[in-house]
Structure formats: C-alpha cells, structure tokens
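Peer 1: Provided below are the primary sequence and the corresponding predicted coordinates.
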Protein chains: 2
Amino acid sequence: MVGAKTVTGTLYLVGVGPGDPELMTLKAVRLLDGIAVVAYPDPGGETALALRIAQTHINPHATLLPIPLPMRVERPAGQAAYDAGAVALGEQLRAGRDVAYLCEGDPLFYGSAMYLIGRLGAEFPVKIIPGVTSLTAAAAAIGRPLAARNEVLKVVPGPLPDDVLRAELDGAEAVAIIKVGRHFGRIRAVLEATGHANGATVVTHASTGREQVRPLADCQRAELPYFSMILCYRGAEDWRR
Amino acid sequence: MVGAKTVTGTLYLVGVGPGDPELMTLKAVRLLDGIAVVAYPDPGGETALALRIAQTHINPHATLLPIPLPMRVERPAGQAAYDAGAVALGEQLRAGRDVAYLCEGDPLFYGSAMYLIGRLGAEFPVKIIPGVTSLTAAAAAIGRPLAARNEVLKVVPGPLPDDVLRAELDGAEAVAIIKVGRHFGRIRAVLEATGHANGATVVTHASTGREQVRPLADCQRAELPYFSMILCYRGAEDWRR
C-alpha cells in the first residue's frame, strides 16, 4: 500500500554509561544496532565522548547526526544551541525516522537531554534508556559504598557558590560533588572548612583507561578535568559490618 | 608445572541493574558467561530477584551459591547472616575459584555488598562492576530529570524517623526517597507537611513488566512493595529550557 506516511519517529535518549564501553547496557547496544539515526552532543574539537563510548555498537548504515553543543551551557547561548539541535532532530523524527540521542552516563542524571524533552516531548514520543552513572562508577573505583545503611546521600553540583556549597555540606555524612572541573580549588577550600576534606577522594575519568583515584589531600591543583568527582564520607566508619 | 595452588580467586560484586534483564551491562554479561561460581542473596521464598534478572546470562557450568540473607537487615541477626555468607564465599575463593556475587541495581548504591567487602576485602581481591540503579530507572519511568542544572539531589532512606526525614526534606528541591515499602504511610504524611506531596511521584518496580508510575496523591495505601521509590521535585519548573 502506498500512501502518505504520517507516523513520526521515536526519540530514544540513550545512556551510554560513564566511559568504559563495556558498561553500556544490552538495551542500548540492541537499539544502536538497528536504529536509523544516531545523534550525539558535539562539543567540537576531538571526537565527542558519548560517540567514542558507543562507536563500536552503532550499525554501519545509521546516519550520524552531530548536535553542536557547548560543554558548559550558559544561557542564552547554550539554549540557542538546543533550539537548533531540536530543529535538526525534529526533521528526522518528522520524516518517520527513529533517532537515538547518545547521553554520557544516564540521560536524566544531570544530563542535558532534559532540554530535548522540553523541546520535542510534546510532538514526538520520547523513550529513555537509563545508563550507569559516573556516580556509581566513581564508588566502584574507590571500592567503598556511596552511603551506608540509612545515611542520606547528597549530590552537590560544584559550580554552586561557596556559601550554598557550605550550607549543603554542613553536617552532611555522604556527599558526591559533581561538575568539579575548574571549580576544584574553591571546592577544596570549602571541604576543608566543613571538615569533609579528610574523608574525601577525588576520582577522575572513572571506569576508563585514564581513571585516577586520589585522596583530596594529594590534589593540589586549582583545576581538575571536567569528568572529575569528589566523594566525601564522614559517616559511621563501621559500614563494613 | 605441577605444584600447590596458592592463588586465590577474585570476588566480583556485579551490579545486575534495576530489574529489566536488558539493563545489565555488557561487562556483567561477559563475566557471568565465564565465571566458575555465581553467588546471590537469597531471601527465601520465590526465586531471588538478582538471580532472576541475571539468570539467562549465567553459564550452565557455573556453580550456583545462594547466600541466605534476610531482606531487612536487623543487627545482630542480619550481620550473623553475612558472617555465614562470607564463610561460604571465602571457601570458594580460597580454593582459587572466581566468584560473581549478584547485586540488584549497583553494588555500592545502598546495597548490602559492602558487608562482604568488609569481611572478605582484606583476604581476597575484590572488583566492582557498577550497574544501573533503581534511581535512574525510576526517573526514566517518569521521563523527568532527577534534578536540573545546579540543583542538589538528595537520596533519603525512608526508614529514617519522622523528625529526621522532615529535617532532611525541609527546603530540599529534588529528593529521591528509597526503601519506602512499609514506611509509605508515614513518609506521605511527612511529605504533605514539608510541601513536597504535590510534586511527588511514586514508582514501583521500575524497568520491569510490573512497573507502575503514579502521583503520590493517587496512592492511598499504608504500604507499598519493597521496590518502590518516591521522586519529589519542587525545583524550578523551567527545567525544560
């Protein structure tokens, strides 16, 4: 039967995990094996991380669609980039093609995929494929639980101003500080002030060949790579039992 | 060369993800395909969840080693169960056999695997294979980010006493309440008091065929299944842009 095609494609937001391609899920791999279009955030410069992670699992007939996006979203420039990205993705979806959008880690754990849901979710079906986060990959690198028993775990973005960081850290037992990068020097000073510095560990590029695990005290630089996390633990030291 | 074998086995703590067997990682699947012994927490009754998730990927020659463990660890009874489990695992490792211990979700995200690290980590090499958590699987079920931009995300165990729950929730923008189960009625009352009830969603059995997503207001029972989570969000409603 020949006729106008009115069915749109589905947008899959696909978590590709923290960096080790083997930490991709079977579901993500199966999807990439059969999908028509594979889109990914492209910060420019070297090959985009999400693409590097997933590369060997993308079927050779898929159309690759890089979405130019700055690494650090500053409004309104960053939001204009998502506007343009949504237009490019929308064209594919409207033509009836399914699109996989690759997300580092998990799509809904501090990812930028939410901006695409906002722009495309009303017009097209969106499905989320969760992935392993850098949070648990960092804990695995250290070999210590993120939090024990009934302790509260706080995930705190490093770009928050000093006074907010300090208020969030005060009294907190288990903390993961994400988006550390160029904020590292400032964050370390706050951790020293709140008494978290001693139990803090810095993990960089968790799960990859470049993974590094160091006590905070051994990191004296002012900046760390963008993919760095600080795990603080000053809860009960009896988590082992 | 024939001689006494002195090399011990390695204990792998393997995250098998939140429930959907397709959310297992390639790494977990590869490991289970070649390992000598597969151990798993066995609460008694029906087939253990971690085993059900991983079952089709375990090689048929592997020895299955159920570790009897109560679902809710109450000390000292629960700790005695881990003592006995560590003895059983230690026998295999000392005999030079690698052991995969299956963990629901991720091994270090509120799992009980830490008790095995405490008991076996000094004598045997331990490696962690991170997995997809129920946290991001629940977010995927809802289709909304756990937290947006530079918001703090709090993971709060439901068994905490009312006053502690209330103090942790006061002013919090993005909260995930885990281990809800029989504490649900009590938790709902606290969420109503702290102003989180309106933006709260209950997710049960995320990623499985029994997955349910409901606004908190639609859940009027006093208890929920053990594998339930409440995601609260009262941050900026502009996360879409």
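Peer 2: The structure has been received and is ready for your questions. For clarity, every value in this text was computed on a predicted model and none was experimentally measured.
Peer 1: quick one, domains of chain A?
Peer 2: A:11-129, A:134-233 (automatic domain parsing).
Peer 1: quick check: mean pLDDT across the last one?
Peer 2: Just to be clear, that refers to domain A:134-233. Mean pLDDT, domain A:134-233: 94.
Peer 1: That one and chain B in contact?
Peer 2: Yes: against chain B, domain A:134-233 shows contacts by C-beta under 8 Å from any C-beta of the partner chain at A:135-137, A:139-140, A:143-157, A:159-160, A:168, A:179, A:207. Where you see a C-beta, it was placed from the backbone N, CA and C, and this is true even at glycine.
Peer 1: Same question for stretch A:92-109.
Peer 2: Yes: residues of stretch A:92-109 are located near chain B by C-beta under 8 Å from any C-beta, namely A:106-109.
Peer 1: Of the residues you listed, which is the most crowded?
Peer 2: Using other C-beta atoms under 10 Å in any protein chain shown as the neighbour test, the residues of stretch A:92-109 next to chain B are led by A:D106, with 33 neighbours.
Peer 1: Weed out the non-buried ones from the residues of domain A:134-233 next to chain B.
Peer 2: Buried positions within the residues of domain A:134-233 next to chain B, assessed by neighbour count (16 or more other C-beta atoms under 10 Å in any protein chain shown), are A:135-137, A:139-140, A:143-149, A:151-157, A:159-160, A:168, A:179, A:207.
Peer 1: Sitting in helices, which of those do you find?
Peer 2: Residues of those located in helices (DSSP state H): A:135-137, A:139-140, A:168.
Peer 1: can you give me the helices for chain A?
Peer 2: Using DSSP H, helices in chain A cover A:26-34, A:49-54, A:77-94, A:113-120, A:134-142, A:162-169, A:184-194.
Peer 1: Out of those helices, flag the one nearest B:A81.
Peer 2: Closest to B:A81 of the helices of chain A, according to C-beta to C-beta: helix A:134-142, at 23.6 Å.
Peer 1: before we move on, the earlier item: the buried ones among the residues of domain A:134-233 next to chain B in strands, which ones?
Peer 2: The strands, defined by DSSP state E, take in A:153-157 from these.
Peer 1: one step back: could I get the helices of chain A in a markdown table, plus columns for distance to B:L32?
Peer 2: Formatted as a markdown table, those follow (distance: least, C-beta to C-beta, whole Å):
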| stretch | distance to B:L32 |
| --- | --- |
| helix A:26-34 | 12 |
| helix A:49-54 | 22 |
| helix A:77-94 | 36 |
| helix A:113-120 | 30 |
| helix A:134-142 | 17 |
| helix A:162-169 | 39 |
| helix A:184-194 | 38 |
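Peer 1: nearest to B:A62, of these?
Peer 2: Of all the helices of chain A, helix A:26-34 comes closest under C-beta to C-beta, at 18.9 Å.
Peer 1: Residues in contact with that closest one: which ones?
Peer 2: In this structure, residues lying in contact with helix A:26-34 by C-beta atoms under 8 Å, 6 or more residues apart in numbering or on different chains are A:12, A:14-17, A:38, A:54, A:57-59, A:62, A:100, A:129, A:131, B:20-26, B:29.
Peer 1: how many degrees apart are that helix and helix B:26-34 in direction?
Peer 2: Put simply, helix A:26-34 runs at 110 degrees to helix B:26-34, going by axes from the mean of the first three to the mean of the last three C-alpha atoms, to 10 degrees.
Peer 1: For helix A:26-34, buried residues please.
Peer 2: Of the residues in helix A:26-34, A:26-29, A:31-32 count as buried by neighbour count, 16+ other C-beta under 10 Å.
Peer 1: Kindly reformat those residues as CSV containing distance to B:Q220 and pLDDT.
Peer 2: Output for the buried residues of helix A:26-34, formatted as CSV (distance: C-beta to C-beta, whole Å; pLDDT from 0 to 100):
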residue, distance to B:Q220, pLDDT
A:L26, 37, 98
A:K27, 34, 98
A:A28, 37, 98
A:V29, 41, 98
A:L31, 37, 98
A:L32, 42, 98
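Peer 1: Pull the most distant pair out of those residues.
Peer 2: A:L26 and A:L32 (11.0 Å).
Peer 1: pretty sure A:Q212 contacts A:D218?
Peer 2: No: here A:Q212 does not reach A:D218: they are 10.0 Å apart, not a contact under C-beta atoms under 8 Å.
Peer 1: what touches both of the two?
Peer 2: Contacts common to A:Q212 and A:D218, judged by C-beta under 8 Å, 6+ apart, are A:V202.
Peer 1: more crowded one of the two?
Peer 2: Using other C-beta under 10 Å as the criterion, A:Q212 and A:D218 rank with A:Q212 on top: 15 against 8.
Peer 1: A:Q212 pairs with what?
Peer 2: A:T204 (DSSP bridges).
Peer 1: distance of it from B:L51?
Peer 2: Distance of A:Q212 to B:L51, given as C-beta to C-beta, to the nearest Å: 35 Å.
Peer 1: and if you look at A:A88?
Peer 2: Going from A:A88 to B:L51 by C-beta to C-beta gives 44 Å.
Peer 1: So which of the two has more stuff around it?
Peer 2: Neighbour count, other C-beta under 10 Å: between A:A88 and B:L51, B:L51 has more, with 18 against 15.
Peer 1: Please tell me how far that one sits from B:L102.
Peer 2: 6 Å.
Peer 1: Between these two, which contacts overlap?
Peer 2: B:Y40.
Peer 1: Burial check on the closest residue to A:L51 other than its chain neighbours, number of neighbours?
Peer 2: In this structure, A:L51 finds its nearest non-sequential neighbour in A:Y40, 4.7 Å apart by C-beta to C-beta, 6 or more residues apart in numbering or on different chains. A:Y40 has 26 neighbours, counted by other C-beta under 10 Å.
Peer 1: go on, A:I67?
Peer 2: Neighbour tally, A:I67, other C-beta under 10 Å: 20.
Peer 1: Spatially, which residue comes closest to it, not counting chain neighbours?
Peer 2: A:G85 (4.0 Å).
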